[in-house]
Structures are given as C-alpha cells and as structure tokens.
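K.L.:
Fold the following for me, if possible:
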Amino acid sequence: MPIHTAVAAATETTDPYVARRYRYYVLGLMTIAYTFNFVDRQILTILQEPIKRELQLSDAQLGLLTGFSFACFYIVLGLPIARWADRSVRRDIMALALGVWSLMTALSGLAGNYLQLLSARIGVGIGEAGGSPPAYSMLSDIFAPRERATALGTYGMGVNLGILVGFLMGGWVNQLFGWRIAFFVAGVPGLLLALLLRTTLAEPKRQFVSFDGARPEEAPPVCQVLRRLWGNRTFRHMAWGSSLLSFAAYGMYTWFPSFLIRIHGLNTGAVGTWLALILGIGGAAATLGGGYLSDRLGRRDARWYCWVTVFAAAIAVPLMTLAFLIRDSRLALLCFVIPGSVAAICVPPLMAVTHALVDNRMRALSSAIVLFILNLLGLGLGPLAVGLLSDHLARAAGANGLRYSMLLLPAVTLLGMTHFLLATRHIGTEMVRGWQSSSA
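P.N.:
Predicted structure coming up:
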C-alpha cells in the first residue's frame, strides 16, 4: 500500500496510531523535520570563515552569532511554547515553528552586515524553540515507555543527519556559489516540509498519566514541573552532566570546521565532506545505538541509561585531545571520528528518563526545561567560551590560539561524565515508579 494511502486510511480511524506503519511514518517525518532543524542551525558553522572574512568579524562575534544570541531566544521561548503544547494541538505548533525557522534561514542569505545576520539568526532561534518540545511529547504518547529511548534515539538522529546535510551541502554550495546561496538552499525546502507535516500528521491521543491525582485537563504550572524535576536526584545529575557534554559538543561542532580551515588549510568543500561523514553518519549511528542500548540494557539495570554515555565519553576524551593537538590533518580527522560521533549520545536516555519521572501533562514542558538547561550551558556558552578564549590566546599564539582554546572541551567532558556516574546511585529506585505508572 502506498504511504499516502496508508496515511489517509490511518487518519480516518479513531486512533490512527494503532497502525504500526503509521507510527513509524510519523516518527520518520518528525526525524526529517528535526534534520532540517539542525541543517538550519548548524550550517552557519561551515560558513563562518567566509562570513568572517566578508563581514570582518572576530571569533567572539562568531561565537555570539552561532551560540549565545541564538540560544537566548531559543531557550527563553521554549518554555512558554512547551506549555502551549501541553494544552494545544502539538502538530500545528511544530508545523508553524518549522515554517518560521526555515524562512529566517533563507533570509540570512540577504544579510548585508553583522546586525542583520544576527537578527536573522535570532529569528531562526525563535522558530526552532517550537520544534522539539511538542515532538518529544507526541513521541512519548505514540510509543510505549520501554520503547521510548529507541524512538527518541531515532528522532535524535535528526541532529546528526542535519549536520551531515548542513556540512556537505553548505561546504560545497559555498565553494561553488558563495555562502549567501547556501542559506537559501538550506531554508526553502523546510517551508514545503512544514506543509506536509501539517496535512499528514494526526494529533496523537494523550496517554494521560498522573502521580498526584490531577485531571488530564489540568496543565501544571512551570514551578510545579520544576519542583518535580529538580527534586529528583537522578534528573539533577543527568541534566548537569548532559549540559557539560553539550558544552563540549557544541564547542566542537562550531569550531572544528574553522580549526581545519585555519590550522590545516583545508577548504570548505573538503571540510564539509569529512565532517558530514563523521558527524552525520557516525553520529546518527551512535545516537540511535545509544538509545537502543539504553532501552535494551536498562530493562535489566536502569543504571545503563547513564553508563552508555559514560563509556562513550571515556573513549572520546583522549581522542578529542589528540585531534586538537596533532599536526597531521588526516590523523586529526581520524582521531575526531569517535568524539564527533558520540557527542549527542546522552540526549535520548536523558529524555527517556525525564519522561519516566513526570506525568504525561508535564512532558512537553519537561522537555523544554531539559532543552533550556542543555542549550543555556551548551549552545549558549560552549561556542562563545571557545571564541573568547581563542581571541585572547591569539595575541600570543596567533592562529594556534583556536587550537589551544579547544583543549577546554575535553576537560568539560570529564566533568560531565562525573555527574552521570553520580546519577547511577539513584536511578535504579527513582525510575521504577515512573515505569509502573506509565504502564498502568
């Protein structure tokens, strides 16, 4: 049966998500939307060297452009939009958000100065604030509790697929036509995808779960959700740990392309191709595998929701350090394969654990709170901190200032691992109640 026929048939039933094929169609379409999210978010990193030259920017300005300015609006608006999603039609919010961020990405190609480009990137952040919280909430309603990390891992592959497409397409379009055309090519297809999402996705029925006897229509206030999450020791440690790992991940995503161009003399096409393979294909496999292993092993021992991330980070730290210090570009890229691939592996288990700890009516908002924490410290501060440190060290080390500033990232990764290890002391008892309530 053609997929459009299956979709049409599914939407006519009371609960279209009873059909397994439709569930996975929706998961696939959401993953594509998340891919566009990261294409539009990360394409700037492969283009920042030509933009730096044309607009005469400093590394601190680039760090502000790629990180903090985007993150501020993304995380601040994420909370009210998530609260809206807990009360309204999540599908419509996602479609609107996708249309907004795609339009603002295309408009980035028209920027004539730093302020105009900064404004366009803020617009991208505003749009993307409405993408993930509704999606996480919908997926937790579509898939059973012990399948969620796998489903969220599949959705999380959008990060790596977006990086793959963004680096590959952005690098070569810039090489052939310039950075402005690259923004147009990245933004326009998202407008068509927003229409497809709006017309073919059915809003899933909320599988209501409550720990306190509240009624389904009672959407909780933000302070109540914060108290629920922050009162949980597992969540606190996993959130802090994931924030530190995100700091390192966004620092790598943002500055490793510039590192290869400045230090090793590669062009944007070559850098885009190599990083598309490493961060895109390798990262997608690691993110999906991390979610699957967390679910599979976590059924026996919930501590695996933390241990999977710890083992991946332990392997990544020494290789990341070598990648920044080694003088041969091919060896640097080889050392970067594992750190680049596993950079986002912590997110699916973190989301799965978070959703097991809260009521259904809190899931979109709790997702937004997680993203707020991750992006404030990760996306907001990671690229900016490396950029500021690079400008400072450049006074004595020249172009190598960027190399030495990136050594901050392995140290931060070690701190993140420590919090995940601390979370293993509590996760075994604190997740049981959530699993039992969600399965009831």
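
K.L.:
Give me the neighbour count for Trp307.
P.N.:
Other residues lying near Trp307 total 21 when counted by other CB atoms under 10 Å. C-beta coordinates here come from the backbone N, C-alpha and C atoms, glycine included.

K.L.:
residues in contact with it?
P.N.:
By CB atoms under 8 Å, 6 or more residues apart in numbering, the residues touching Trp307 are Leu297, Phe420, Thr424.

K.L.:
Quick one, which of the residues you listed are buried?
P.N.:
Buried residues within the contacts of Trp307, counting neighbours by 16 or more other CB atoms under 10 Å: Phe420, Thr424.

K.L.:
When you compare pLDDT across the contacts of Trp307, which one is lowest?
P.N.:
Least confident of those in the model: Leu297, at 87.

K.L.:
buried set for the one helix or strand that one maps to?
P.N.:
Element membership of Leu297, judged by DSSP states H and E, is helix 283-298. Across helix 283-298, burial judged by 16+ other CB under 10 Å covers 283-284, 286-295, 298.

K.L.:
can you put the residues you listed in TSV and add distance to Ala111?
P.N.:
Shown next, in TSV, are the buried residues of helix 283-298 (distance: CB to CB, whole Å):
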residue	distance to Ala111
Gly283	29
Ala284	31
Ala286	34
Thr287	32
Leu288	35
Gly289	39
Gly290	37
Gly291	37
Tyr292	41
Leu293	43
Ser294	41
Asp295	43
Gly298	46
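
K.L.:
where do the strands sit along the stretch 51-200 of the chain?
P.N.:
Under the criterion DSSP state E, counting those that start in this stretch, strands are not mapped anywhere in the stretch 51-200 of the chain.

K.L.:
how about low-confidence regions in it?
P.N.:
Applying pLDDT under 70 to the stretch 51-200 of the chain flags no residue at all.

K.L.:
Which stretches in it count as helices?
P.N.:
Ranges of helices in the stretch 51-200 of the chain, per DSSP state H, counting those that start in this stretch, are 59-63, 69-85, 90-108, 114-128, 132-142, 148-177, 179-200.

K.L.:
Show me what the last one is packed up against.
P.N.:
The reference is to helix 179-200. Under the contact definition 3 or more CB pairs under 8 Å, 6 or more residues apart in numbering; DSSP states H and E, helix 179-200 sits against helix 3-11, helix 20-55, helix 90-108, helix 148-177.

K.L.:
Tabulate the ones you listed (TSV), appending mean neighbour count and distance to Met252.
P.N.:
TSV is the format used below for the helices and strands packed on helix 179-200 (neighbours: other CB atoms under 10 Å; distance: least, CB to CB, whole Å):
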stretch	mean neighbour count	distance to Met252
helix 3-11	14	37
helix 20-55	21	10
helix 90-108	23	22
helix 148-177	24	11
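
K.L.:
Relative to Ala343, which of those is closest?
P.N.:
Among the helices and strands packed on helix 179-200, the nearest to Ala343 by CB to CB is helix 148-177 (8.8 Å).

K.L.:
what angle separates that closest one from helix 283-298?
P.N.:
The directions of helix 148-177 and helix 283-298 differ by 170 degrees, with axes from the mean of the first three to the mean of the last three CA atoms, to 10 degrees as the criterion.

K.L.:
and helix 148-177 with helix 132-142, angle?
P.N.:
140 degrees.

K.L.:
chain center to helix 148-177: distance?
P.N.:
Helix 148-177 has its C-alpha centroid displaced from the chain centroid by 11 Å (CA atoms, centre = their mean, to the nearest Å).

K.L.:
what angle separates it from helix 20-55?
P.N.:
Using the same axes, to 10 degrees, helix 148-177 lies at 40 degrees relative to helix 20-55.

K.L.:
what packs against helix 148-177?
P.N.:
helix 20-55, helix 132-142, helix 179-200, helix 268-275, helix 283-298, helix 347-356.

K.L.:
Tabulate those in JSON lines, adding columns for distance to Trp172.
P.N.:
Below are the helices and strands packed on helix 148-177 laid out as JSON lines (distance: least, CB to CB, whole Å):
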{"stretch": "helix 20-55", "distance to Trp172": "10"}
{"stretch": "helix 132-142", "distance to Trp172": "28"}
{"stretch": "helix 179-200", "distance to Trp172": "9"}
{"stretch": "helix 268-275", "distance to Trp172": "5"}
{"stretch": "helix 283-298", "distance to Trp172": "19"}
{"stretch": "helix 347-356", "distance to Trp172": "28"}
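
K.L.:
can you tell which of these is closest to Ser390?
P.N.:
So among these, helix 20-55 is nearest, using CB to CB, at 11.8 Å.

K.L.:
mind checking how far that closest one is from the chain centre?
P.N.:
10 Å.

K.L.:
Give me the neighbour count for Pro221.
P.N.:
Pro221: 11 neighbours (other CB under 10 Å).

K.L.:
Quick check: it vs Leu79, distance?
P.N.:
Using CB to CB, to the nearest Å, Pro221 is found at 11 Å from Leu79.
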